[in-house]
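Q: attaching a predicted model along with its sequence, questions to come.
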Amino acid sequence: MTTSSWVQRLYQRLITSSDRDCPELSAEALPHVAGNFVLILLSRFLSKLADALSNPKIVLPWVMETVHAPLYLLGFLVPIREAGSLIPQVVIASYVQRLAIRKGVWVAGKMVEVGAMTAIALVAWLGNGAVAGWSIVLLLIIFSLARGFCSVASKDVTGKTIAKSVRGQANGWAASSAGLLTLVLGGGFVLGGGDDLTVAAVAGLLGAAVVLWSLAALAFSRLQEFPGEIETAETHPIKESWQRLALLRHDRSFRHFVITRALLLCSALTAPYYVILAQKVYGSQPQLLGLFILASGAASLVSSPVWGRFSDRSSRLVMMAGACLTLVLGVVVFLLDQLAPQLLATAWLLPGCYFLLSIAHQGVRIGRKTYVVNLGKGNQRTEYVAVSNSLIGVILLVLGFTGALASFIGLSTLILLLSLMGGVGMIMAHRLPDVE
(Lines give C-alpha, C1' and ligand atoms only; values in the text may rest on other atoms or scores of the structure.)
Protein backbone atom coordinates (compact mmCIF):
# COMPACT_ATOMS: atom_id res chain seq x y z
CA MET A 1 0.00 0.00 0.00
CA THR A 2 1.60 3.28 -1.06
CA THR A 3 1.87 6.34 1.16
CA SER A 4 -1.05 8.78 0.69
CA SER A 5 -0.39 12.21 -0.82
CA TRP A 6 -1.23 14.20 2.34
CA VAL A 7 1.32 12.18 4.32
CA GLN A 8 3.93 12.91 1.65
CA ARG A 9 3.13 16.63 1.82
CA LEU A 10 3.34 16.66 5.62
CA TYR A 11 6.63 14.79 5.47
CA GLN A 12 8.07 17.31 3.03
CA ARG A 13 6.92 20.21 5.20
CA LEU A 14 8.47 18.81 8.38
CA ILE A 15 11.90 17.89 7.06
CA THR A 16 14.57 19.69 5.11
CA SER A 17 14.94 18.50 1.52
CA SER A 18 17.60 15.86 1.05
CA ASP A 19 18.95 14.21 -2.05
CA ARG A 20 20.94 11.68 -0.13
CA ASP A 21 20.51 7.97 -0.86
CA CYS A 22 19.31 5.58 1.82
CA PRO A 23 21.61 2.55 1.53
CA GLU A 24 20.91 1.72 5.17
CA LEU A 25 17.25 0.88 4.37
CA SER A 26 15.94 -2.18 2.58
CA ALA A 27 14.34 -1.79 -0.85
CA GLU A 28 10.94 -2.74 0.60
CA ALA A 29 11.16 0.02 3.24
CA LEU A 30 11.94 2.90 0.89
CA PRO A 31 8.37 3.56 -0.39
CA HIS A 32 7.11 3.75 3.21
CA VAL A 33 9.64 6.21 4.68
CA ALA A 34 7.21 9.17 4.72
CA GLY A 35 4.35 7.20 6.26
CA ASN A 36 6.59 5.60 8.85
CA PHE A 37 8.08 9.00 9.72
CA VAL A 38 4.61 10.44 10.42
CA LEU A 39 3.49 7.40 12.44
CA ILE A 40 6.65 7.41 14.58
CA LEU A 41 6.24 11.15 15.11
CA LEU A 42 2.60 10.68 16.15
CA SER A 43 3.39 7.81 18.54
CA ARG A 44 6.19 9.80 20.18
CA PHE A 45 3.99 12.87 20.45
CA LEU A 46 1.27 10.90 22.25
CA SER A 47 3.79 9.13 24.48
CA LYS A 48 5.47 12.36 25.53
CA LEU A 49 2.14 13.94 26.38
CA ALA A 50 1.27 10.91 28.50
CA ASP A 51 4.68 11.17 30.19
CA ALA A 52 3.95 14.81 31.03
CA LEU A 53 0.61 13.85 32.61
CA SER A 54 2.31 11.22 34.80
CA ASN A 55 5.45 13.25 35.60
CA PRO A 56 7.40 11.43 38.36
CA LYS A 57 8.66 14.78 39.70
CA ILE A 58 5.20 16.35 40.07
CA VAL A 59 2.19 14.07 39.61
CA LEU A 60 3.43 10.83 41.19
CA PRO A 61 4.72 12.54 44.37
CA TRP A 62 1.28 14.16 44.64
CA VAL A 63 -0.28 10.71 44.35
CA MET A 64 1.97 9.39 47.14
CA GLU A 65 1.04 12.32 49.36
CA THR A 66 -2.65 11.87 48.56
CA VAL A 67 -2.67 8.22 49.67
CA HIS A 68 -0.59 9.09 52.77
CA ALA A 69 2.31 6.88 51.73
CA PRO A 70 5.45 6.86 53.92
CA LEU A 71 7.65 9.85 53.17
CA TYR A 72 10.79 7.75 52.55
CA LEU A 73 9.15 6.14 49.49
CA LEU A 74 9.12 9.46 47.61
CA GLY A 75 12.86 9.23 47.03
CA PHE A 76 12.44 6.07 44.97
CA LEU A 77 10.14 7.51 42.31
CA VAL A 78 12.51 9.25 39.89
CA PRO A 79 15.39 6.70 40.13
CA ILE A 80 12.99 3.82 39.48
CA ARG A 81 11.28 5.64 36.60
CA GLU A 82 14.56 6.49 34.83
CA ALA A 83 17.27 4.01 35.81
CA GLY A 84 14.76 1.17 36.19
CA SER A 85 14.04 1.32 32.47
CA LEU A 86 17.70 1.70 31.46
CA ILE A 87 19.64 -0.89 33.49
CA PRO A 88 17.85 -4.08 32.23
CA GLN A 89 18.22 -3.15 28.56
CA VAL A 90 21.43 -5.15 28.11
CA VAL A 91 19.36 -8.28 28.89
CA ILE A 92 16.28 -7.12 26.98
CA ALA A 93 18.36 -6.74 23.81
CA SER A 94 19.10 -10.48 23.78
CA TYR A 95 15.40 -11.25 23.40
CA VAL A 96 14.70 -8.47 20.92
CA GLN A 97 17.52 -9.57 18.61
CA ARG A 98 15.81 -12.91 18.07
CA LEU A 99 12.88 -11.20 16.32
CA ALA A 100 12.81 -10.26 12.65
CA ILE A 101 9.87 -7.85 13.21
CA ARG A 102 10.28 -5.76 16.37
CA LYS A 103 7.52 -3.15 16.41
CA GLY A 104 5.41 -5.62 18.40
CA VAL A 105 7.90 -5.35 21.27
CA TRP A 106 7.25 -1.61 21.49
CA VAL A 107 3.47 -2.09 21.30
CA ALA A 108 3.51 -4.83 23.95
CA GLY A 109 5.74 -2.74 26.23
CA LYS A 110 3.42 0.24 25.85
CA MET A 111 0.39 -1.88 26.76
CA VAL A 112 2.16 -3.10 29.91
CA GLU A 113 2.74 0.58 30.72
CA VAL A 114 -0.99 1.12 30.23
CA GLY A 115 -1.84 -1.69 32.63
CA ALA A 116 0.63 -0.54 35.28
CA MET A 117 -0.49 3.10 35.16
CA THR A 118 -4.17 2.05 35.23
CA ALA A 119 -3.43 0.16 38.44
CA ILE A 120 -1.59 3.19 39.88
CA ALA A 121 -4.62 5.36 39.06
CA LEU A 122 -6.87 2.90 40.90
CA VAL A 123 -4.52 2.90 43.91
CA ALA A 124 -4.58 6.73 43.89
CA TRP A 125 -8.37 6.66 43.89
CA LEU A 126 -9.01 3.84 46.37
CA GLY A 127 -5.78 3.14 48.30
CA ASN A 128 -4.31 4.52 51.50
CA GLY A 129 -1.23 4.24 53.70
CA ALA A 130 1.94 2.19 53.41
CA VAL A 131 0.26 -0.59 51.41
CA ALA A 132 -0.82 1.90 48.77
CA GLY A 133 2.64 3.49 48.71
CA TRP A 134 4.47 0.20 48.25
CA SER A 135 1.92 -0.87 45.63
CA ILE A 136 2.69 2.26 43.62
CA VAL A 137 6.45 1.61 43.87
CA LEU A 138 6.06 -2.01 42.70
CA LEU A 139 3.78 -0.96 39.84
CA LEU A 140 6.29 1.73 38.87
CA ILE A 141 9.00 -0.96 38.65
CA ILE A 142 6.80 -2.90 36.21
CA PHE A 143 6.13 0.31 34.30
CA SER A 144 9.86 1.08 34.07
CA LEU A 145 10.75 -2.40 32.84
CA ALA A 146 8.16 -2.01 30.08
CA ARG A 147 9.75 1.33 29.13
CA GLY A 148 13.04 -0.53 28.74
CA PHE A 149 11.54 -2.86 26.12
CA CYS A 150 10.05 0.14 24.32
CA SER A 151 13.37 1.99 24.32
CA VAL A 152 15.35 -0.87 22.76
CA ALA A 153 12.69 -1.62 20.15
CA SER A 154 12.02 2.03 19.28
CA LYS A 155 15.56 2.91 18.26
CA ASP A 156 15.94 -0.34 16.33
CA VAL A 157 12.67 0.09 14.42
CA THR A 158 13.58 3.73 13.73
CA GLY A 159 16.84 2.59 12.17
CA LYS A 160 14.98 0.10 9.96
CA THR A 161 12.16 2.38 8.81
CA ILE A 162 13.45 5.98 8.66
CA ALA A 163 16.27 7.30 6.51
CA LYS A 164 19.46 8.26 8.36
CA SER A 165 19.23 11.80 6.96
CA VAL A 166 15.96 12.55 8.82
CA ARG A 167 16.27 10.64 12.10
CA GLY A 168 17.42 13.69 14.02
CA GLN A 169 14.46 15.66 12.70
CA ALA A 170 12.08 12.94 13.91
CA ASN A 171 13.52 13.33 17.42
CA GLY A 172 13.42 17.10 17.11
CA TRP A 173 9.80 17.43 16.03
CA ALA A 174 8.64 14.95 18.69
CA ALA A 175 10.43 16.90 21.42
CA SER A 176 9.09 20.18 20.03
CA SER A 177 5.48 18.99 20.12
CA ALA A 178 6.01 17.79 23.68
CA GLY A 179 7.41 21.21 24.48
CA LEU A 180 4.24 22.87 23.22
CA LEU A 181 2.13 20.74 25.54
CA THR A 182 4.47 21.35 28.46
CA LEU A 183 4.03 25.04 27.73
CA VAL A 184 0.26 24.64 28.09
CA LEU A 185 0.66 22.70 31.36
CA GLY A 186 3.00 25.36 32.72
CA GLY A 187 0.51 28.05 31.81
CA GLY A 188 -2.11 26.15 33.77
CA PHE A 189 0.15 26.18 36.83
CA VAL A 190 0.75 29.92 36.54
CA LEU A 191 -2.90 30.83 35.98
CA GLY A 192 -4.70 28.19 38.03
CA GLY A 193 -2.26 27.25 40.77
CA GLY A 194 -3.51 23.68 41.32
CA ASP A 195 -4.59 23.93 44.98
CA ASP A 196 -7.92 22.24 44.23
CA LEU A 197 -6.43 19.10 42.70
CA THR A 198 -8.50 16.31 44.26
CA VAL A 199 -7.86 12.57 44.45
CA ALA A 200 -10.33 11.96 41.63
CA ALA A 201 -8.64 14.64 39.50
CA VAL A 202 -5.21 13.04 39.98
CA ALA A 203 -6.63 9.63 39.07
CA GLY A 204 -8.26 11.24 36.03
CA LEU A 205 -4.92 12.75 35.01
CA LEU A 206 -3.30 9.31 35.09
CA GLY A 207 -6.30 7.89 33.24
CA ALA A 208 -5.78 10.42 30.46
CA ALA A 209 -2.15 9.28 30.22
CA VAL A 210 -3.37 5.70 29.84
CA VAL A 211 -5.59 6.68 26.91
CA LEU A 212 -2.73 8.53 25.20
CA TRP A 213 -0.32 5.58 25.58
CA SER A 214 -2.98 3.31 24.09
CA LEU A 215 -3.32 5.59 21.06
CA ALA A 216 0.48 5.72 20.73
CA ALA A 217 0.59 1.92 20.64
CA LEU A 218 -2.10 1.89 17.96
CA ALA A 219 -0.13 4.36 15.82
CA PHE A 220 3.12 2.40 16.20
CA SER A 221 1.40 -0.86 15.28
CA ARG A 222 0.56 0.65 11.87
CA LEU A 223 4.23 1.01 10.91
CA GLN A 224 5.35 -0.77 7.76
CA GLU A 225 8.30 -2.76 9.12
CA PHE A 226 9.98 -5.52 7.12
CA PRO A 227 12.00 -8.47 8.44
CA GLY A 228 15.54 -7.55 9.38
CA GLU A 229 18.65 -9.19 10.71
CA ILE A 230 18.09 -11.69 13.51
CA GLU A 231 20.47 -13.29 15.94
CA THR A 232 20.32 -17.01 16.66
CA ALA A 233 22.40 -17.48 19.79
CA GLU A 234 23.24 -20.73 21.50
CA THR A 235 23.88 -19.18 24.92
CA HIS A 236 21.41 -18.03 27.55
CA PRO A 237 20.31 -14.38 27.32
CA ILE A 238 21.83 -13.55 30.74
CA LYS A 239 25.19 -14.94 29.64
CA GLU A 240 24.84 -13.07 26.36
CA SER A 241 24.33 -9.88 28.32
CA TRP A 242 27.63 -10.25 30.12
CA GLN A 243 29.33 -11.07 26.84
CA ARG A 244 27.76 -7.99 25.26
CA LEU A 245 29.52 -5.79 27.80
CA ALA A 246 32.74 -6.81 26.04
CA LEU A 247 31.79 -4.20 23.44
CA LEU A 248 33.31 -1.66 25.80
CA ARG A 249 36.68 -3.37 25.51
CA HIS A 250 36.72 -4.15 21.81
CA ASP A 251 34.77 -1.29 20.21
CA ARG A 252 36.74 1.91 20.73
CA SER A 253 34.21 4.24 19.10
CA PHE A 254 31.35 2.86 21.18
CA ARG A 255 33.36 3.06 24.42
CA HIS A 256 34.20 6.66 23.62
CA PHE A 257 30.50 7.41 23.03
CA VAL A 258 29.42 5.86 26.37
CA ILE A 259 32.01 7.90 28.29
CA THR A 260 30.92 11.04 26.45
CA ARG A 261 27.24 10.35 27.13
CA ALA A 262 27.95 9.83 30.84
CA LEU A 263 29.72 13.19 31.05
CA LEU A 264 26.89 14.88 29.17
CA LEU A 265 24.42 13.88 31.89
CA CYS A 266 25.39 17.25 33.35
CA SER A 267 22.60 19.03 31.46
CA ALA A 268 19.97 16.84 33.14
CA LEU A 269 21.59 16.63 36.57
CA THR A 270 22.05 20.39 37.03
CA ALA A 271 18.43 21.27 36.20
CA PRO A 272 16.86 20.51 39.64
CA TYR A 273 19.49 22.65 41.37
CA TYR A 274 18.53 25.68 39.29
CA VAL A 275 14.97 25.22 40.56
CA ILE A 276 16.05 24.77 44.20
CA LEU A 277 18.35 27.80 43.98
CA ALA A 278 15.43 29.85 42.64
CA GLN A 279 13.24 28.70 45.53
CA LYS A 280 15.87 29.89 47.99
CA VAL A 281 16.12 33.26 46.23
CA TYR A 282 12.47 33.94 45.36
CA GLY A 283 10.48 31.74 47.73
CA SER A 284 8.16 28.81 46.93
CA GLN A 285 5.26 30.43 45.13
CA PRO A 286 3.27 28.11 42.82
CA GLN A 287 3.79 30.63 40.02
CA LEU A 288 7.55 30.03 40.22
CA LEU A 289 7.04 26.35 39.41
CA GLY A 290 4.85 27.42 36.51
CA LEU A 291 7.58 29.71 35.19
CA PHE A 292 10.09 26.87 35.15
CA ILE A 293 7.63 24.54 33.42
CA LEU A 294 6.96 27.28 30.88
CA ALA A 295 10.70 27.76 30.36
CA SER A 296 11.19 24.04 29.79
CA GLY A 297 8.29 23.79 27.36
CA ALA A 298 9.27 26.90 25.41
CA ALA A 299 12.84 25.65 25.09
CA SER A 300 11.70 22.32 23.66
CA LEU A 301 9.25 24.00 21.34
CA VAL A 302 11.68 26.46 19.76
CA SER A 303 14.94 24.52 19.83
CA SER A 304 14.16 20.86 19.17
CA PRO A 305 13.45 21.11 15.40
CA VAL A 306 16.64 23.15 14.99
CA TRP A 307 18.71 20.66 16.96
CA GLY A 308 17.11 17.83 14.97
CA ARG A 309 18.11 19.33 11.63
CA PHE A 310 21.65 20.00 12.79
CA SER A 311 21.87 16.46 14.20
CA ASP A 312 21.26 15.09 10.72
CA ARG A 313 24.31 17.06 9.59
CA SER A 314 26.52 16.32 12.62
CA SER A 315 25.07 14.90 15.83
CA ARG A 316 28.57 15.08 17.33
CA LEU A 317 28.67 18.87 16.95
CA VAL A 318 25.17 19.16 18.42
CA MET A 319 26.31 17.31 21.55
CA MET A 320 29.30 19.64 21.78
CA ALA A 321 27.11 22.74 21.47
CA GLY A 322 24.72 21.55 24.18
CA ALA A 323 27.59 20.74 26.54
CA CYS A 324 29.25 24.11 25.86
CA LEU A 325 26.06 26.02 26.67
CA THR A 326 25.64 24.00 29.89
CA LEU A 327 29.19 24.85 30.92
CA VAL A 328 28.80 28.58 30.23
CA LEU A 329 25.53 28.77 32.18
CA GLY A 330 27.03 26.93 35.16
CA VAL A 331 29.98 29.33 35.33
CA VAL A 332 27.70 32.39 35.02
CA VAL A 333 25.32 31.24 37.77
CA PHE A 334 28.23 30.40 40.09
CA LEU A 335 29.93 33.77 39.57
CA LEU A 336 26.67 35.67 40.08
CA ASP A 337 25.91 33.78 43.28
CA GLN A 338 29.40 34.42 44.65
CA LEU A 339 30.04 37.96 43.44
CA ALA A 340 26.68 39.62 42.75
CA PRO A 341 23.83 37.77 44.52
CA GLN A 342 21.61 40.84 44.14
CA LEU A 343 21.62 40.26 40.37
CA LEU A 344 20.72 36.61 40.90
CA ALA A 345 17.58 37.79 42.69
CA THR A 346 16.31 39.48 39.52
CA ALA A 347 12.93 37.87 38.84
CA TRP A 348 13.64 36.73 35.28
CA LEU A 349 17.27 35.65 35.62
CA LEU A 350 17.12 32.09 36.94
CA PRO A 351 14.04 31.10 34.89
CA GLY A 352 15.86 32.58 31.90
CA CYS A 353 18.97 30.54 32.67
CA TYR A 354 16.77 27.47 33.03
CA PHE A 355 15.29 28.21 29.61
CA LEU A 356 18.79 28.23 28.09
CA LEU A 357 19.75 25.12 30.05
CA SER A 358 16.68 23.34 28.67
CA ILE A 359 17.78 24.31 25.16
CA ALA A 360 21.21 22.85 25.93
CA HIS A 361 19.65 19.65 27.29
CA GLN A 362 17.54 19.20 24.18
CA GLY A 363 20.68 19.51 22.06
CA VAL A 364 22.53 16.92 24.14
CA ARG A 365 19.54 14.57 24.16
CA ILE A 366 18.70 14.76 20.45
CA GLY A 367 22.36 14.67 19.46
CA ARG A 368 23.23 11.54 21.42
CA LYS A 369 20.03 9.73 20.36
CA THR A 370 20.76 10.43 16.70
CA TYR A 371 24.43 9.53 17.11
CA VAL A 372 23.88 6.08 18.65
CA VAL A 373 21.26 5.12 16.03
CA ASN A 374 23.65 6.13 13.23
CA LEU A 375 26.70 4.55 14.87
CA GLY A 376 25.49 0.97 14.45
CA LYS A 377 23.63 -1.14 11.90
CA GLY A 378 21.23 -4.07 12.30
CA ASN A 379 21.71 -6.01 15.55
CA GLN A 380 24.80 -3.96 16.33
CA ARG A 381 22.54 -0.94 16.75
CA THR A 382 20.38 -2.84 19.24
CA GLU A 383 23.48 -3.83 21.22
CA TYR A 384 24.78 -0.27 21.28
CA VAL A 385 21.47 1.09 22.56
CA ALA A 386 21.03 -1.63 25.19
CA VAL A 387 24.57 -1.58 26.59
CA SER A 388 24.83 2.21 26.69
CA ASN A 389 21.40 2.62 28.31
CA SER A 390 22.11 -0.03 30.95
CA LEU A 391 25.42 1.55 31.88
CA ILE A 392 23.96 5.04 31.93
CA GLY A 393 21.21 3.78 34.24
CA VAL A 394 23.81 2.59 36.75
CA ILE A 395 25.77 5.84 36.42
CA LEU A 396 22.56 7.84 36.93
CA LEU A 397 21.91 6.08 40.23
CA VAL A 398 25.46 6.76 41.39
CA LEU A 399 25.46 10.41 40.32
CA GLY A 400 22.10 10.88 42.02
CA PHE A 401 23.98 10.90 45.33
CA THR A 402 25.80 14.09 44.32
CA GLY A 403 22.83 15.99 45.70
CA ALA A 404 24.14 15.26 49.19
CA LEU A 405 27.12 17.52 48.42
CA ALA A 406 24.86 20.59 48.22
CA SER A 407 24.67 20.76 52.03
CA PHE A 408 28.46 21.08 52.25
CA ILE A 409 29.55 23.07 49.20
CA GLY A 410 26.42 25.05 48.30
CA LEU A 411 24.05 24.85 45.34
CA SER A 412 25.93 27.15 42.98
CA THR A 413 29.22 25.30 43.57
CA LEU A 414 27.52 21.99 42.83
CA ILE A 415 26.06 23.48 39.64
CA LEU A 416 29.58 24.59 38.68
CA LEU A 417 31.11 21.15 39.30
CA LEU A 418 28.45 19.36 37.27
CA SER A 419 28.80 21.94 34.49
CA LEU A 420 32.58 21.42 34.41
CA MET A 421 31.85 17.73 33.90
CA GLY A 422 29.97 18.84 30.79
CA GLY A 423 33.05 20.74 29.65
CA VAL A 424 35.03 17.50 29.70
CA GLY A 425 32.17 15.84 27.82
CA MET A 426 32.40 18.55 25.16
CA ILE A 427 36.09 17.71 24.62
CA MET A 428 35.26 14.01 24.45
CA ALA A 429 32.47 14.65 21.92
CA HIS A 430 34.91 16.61 19.77
CA ARG A 431 37.04 13.45 19.50
CA LEU A 432 34.13 11.19 18.45
CA PRO A 433 34.14 10.02 14.81
CA ASP A 434 31.51 11.48 12.49
CA VAL A 435 28.74 8.99 11.67
CA GLU A 436 26.44 11.02 9.40
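A: It's in.

Q: from the centroid of the chain, which residue is nearest?
A: Central residue check for the chain by Cα atoms, centre = their mean: the C-alpha nearest the mean position is that of R365, 7.2 Å away.

Q: elements contacting the helix or strand where it lies?
A: Remark: R365 resides in helix 349-375, with elements defined by DSSP states H and E. Contact partners of helix 349-375 among helices and strands, from 3 or more Cβ pairs under 8 Å, 6 or more residues apart in numbering; DSSP states H and E: helix 129-161, helix 167-192, helix 252-263, helix 266-269, helix 271-282, helix 286-339, helix 379-399. C-beta: built from backbone N, CA, C; applies to glycine.

Q: deepest in the core, which of those helices is it.
A: Mean neighbour count (mean count of other Cβ atoms under 10 Å) peaks for helix 266-269 among these, with a mean of 24.

Q: need the contact partners of it.
A: For helix 266-269, the external contacting residues (Cβ atoms under 8 Å, 6 or more residues apart in numbering) are 322-323, 326, 330, 357, 360-361, 364-365, 399, 402, 418-419, 421-422, 425.

Q: redo the helices and strands packed on helix 349-375 as CSV? Include distance to R431 and mean pLDDT.
A: Supplementary listing: the helices and strands packed on helix 349-375 in CSV, determined by distance: least, Cβ to Cβ, whole Å; pLDDT from 0 to 100:
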stretch, distance to R431, mean pLDDT
helix 129-161, 23, 85
helix 167-192, 21, 69
helix 252-263, 7, 91
helix 266-269, 17, 84
helix 271-282, 26, 79
helix 286-339, 9, 86
helix 379-399, 17, 80
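
Q: tabulate those (CSV), appending distance to L99.
A: Output for these, formatted as CSV (distance: least, Cβ to Cβ, whole Å):
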stretch, distance to L99
helix 129-161, 9
helix 167-192, 21
helix 252-263, 23
helix 266-269, 31
helix 271-282, 36
helix 286-339, 27
helix 379-399, 10
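
Q: for A203, which of those is the nearest?
A: When the helices and strands packed on helix 349-375 are ranked by proximity to A203, the top entry is helix 129-161, at 12.2 Å, counting by Cβ to Cβ.

Q: nearest to W213, of the contacts of helix 266-269?
A: For the contacts of helix 266-269, the closest approach to W213 (Cβ to Cβ) belongs to R365, at 20.7 Å.

Q: need the pLDDT of that closest one.
A: R365 is assigned a predicted lDDT (pLDDT) of 88.

Q: please apply the same query to L126.
A: The predicted structure scores L126 at 86 on the pLDDT scale.

Q: for it, give its distance to A203.
A: L126 sits 9 Å away from A203, taking Cβ to Cβ, to the nearest Å as the criterion.

Q: more crowded one of the two?
A: Relative neighbour count places A203 above the other of L126 and A203, with 20 against 11, counting by other Cβ atoms under 10 Å.

Q: from I40, how far off is that one?
A: Going from A203 to I40 by Cβ to Cβ gives 30 Å.

Q: quick one: contacts for S176?
A: The neighbourhood of S176, defined by Cβ under 8 Å, 6+ apart, consists of 300-305.

Q: my read is that I141 contacts A83, right?
A: No: under the criterion of Cβ atoms under 8 Å, I141 lies out of contact with A83, with a separation of 11.0 Å.

Q: secondary structure class for P227?
A: The three-state label for P227, taken from DSSP: H, G, I helix; E, B strand; the rest coil, comes out as coil.

Q: how near is it to A100?
A: With distances taken as Cβ to Cβ, P227 is found 4 Å from A100.
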